[in-house]
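1. For reference, the sequence and a predicted model appear below.
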Amino acid sequence: MKQDNQYQGLKIHSPLSESNATYLSQLKTLVDKSTVESTRVMAFRFDLRFPDGYKGEGAQVITKFFESLKAQIKAKDAKTLKEGKRVYPSRLKYAWVRENDGSTTDHFHVVITLNKDAFSVLGKFDSPQMNTAQRIKKAWKSALSCKEESTNGLVHFPQSGVYILNKNDENYDGTYQLLYYRISYFAKNRTKIYGTGKRSFGCSSK
């Protein structure tokens with residue numbers, strides 16, 4: 001591994017000289033804080049795209065997305081508690097990056113982390129029952145204020161986009177490194193939208 005292709009001893013997607021070191025630091029802090037709060041952590045990677053002709057403001061819409069997702073998690077916990085079941089605390093943590101690969105609209109790459117005891121799977125994308133994937137799709141629809149048919153295909157779940165970080169698992173270090181490498185892609189400078197006044201990156205602070 002070339003020295004320039006790592007950050008604090010971790011392999012990264014793009015050379016350090018072509019990456020934003022501040023983003024790399026915040027992404028590592030995100031993963032580290034998640035594993036401090038929960039022994040077992042689920043990390044989900046997905047992409048959010050805009051409908052053709054969308055005129056809304058990206059910075060506001062990504063904030064609305066996370067607000068909707070947090071509200072759904074809170075409602076899920078309330079329902080579980082009402083049913084007399086144990087509620088596992090799970091504080092949503094996230095990072096997002098806004099990019100543009102030459103298309104007419106921007107798009108977001110997102111990673112979220114949750115307590116595995118509360119959210120153990122992503123679930124089927126087209127399931128009629130509510131699951132993590134459906135909550136993500138519902139939150140994006142709410143943020144865009146679009147009709148259901150207008151948001152079809154706008155949430156993309158990439159292959160192998162789910163990571164389980166279990167501090168008691170012998171494969172923990174390997175999974176940690178794989179996850180960090182995957183999200184270090186967020187820090188590459190190419191395709192970022194600098195100098196336009198638009199935020200290119202966001203990360204939960206707690």
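-> Yep, that arrived. Numbers count the residues shown, from 1 in each chain.
2. Please make it C-alpha for all contacts and neighbour counts, starting now.
-> Will do.
3. next structured bit after the helix or strand hosting residue 112?
-> If you go by DSSP states H and E, residue 112 is part of strand 107-115. Downstream of strand 107-115, the first helix or strand assigned by DSSP H and E is helix 132-144.
4. helices or strands up against that following helix?
-> Contacts defined by 3 or more C-alpha pairs under 8 Å, 6 or more residues apart in numbering; DSSP states H and E place helix 132-144 against helix 58-82, strand 155-156.
5. who's in contact with the first one?
-> Applying C-alpha atoms under 8 Å, 6 or more residues apart in numbering, the contact partners of helix 58-82 are 86-87, 92, 135-136, 139-140, 142-144, 198-199.
6. Which members of these are the farthest-apart pair?
-> Largest separation among the contacts of helix 58-82 by C-alpha to C-alpha: 86 and 198, giving 41.6 Å.
7. if we can go back for a sec, adding mean pLDDT and distance to residue 30, write the helices and strands packed on helix 132-144 out as a markdown table.
-> Shown next, in a markdown table, are the helices and strands packed on helix 132-144 (pLDDT from 0 to 100; distance: least, C-alpha to C-alpha, whole Å):
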| stretch | mean pLDDT | distance to residue 30 |
| --- | --- | --- |
| helix 58-82 | 91 | 16 |
| strand 155-156 | 94 | 22 |
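8. closest one to residue 12 among these?
-> strand 155-156 (22.6 Å).
9. Give the buried residues for the helix or strand hosting residue 24.
-> Assessed by DSSP H and E, residue 24 sits inside helix 21-37. For helix 21-37, the neighbour count (16 or more other C-alpha atoms under 10 Å) marks 21, 23-24, 26-31, 34-35 as buried.
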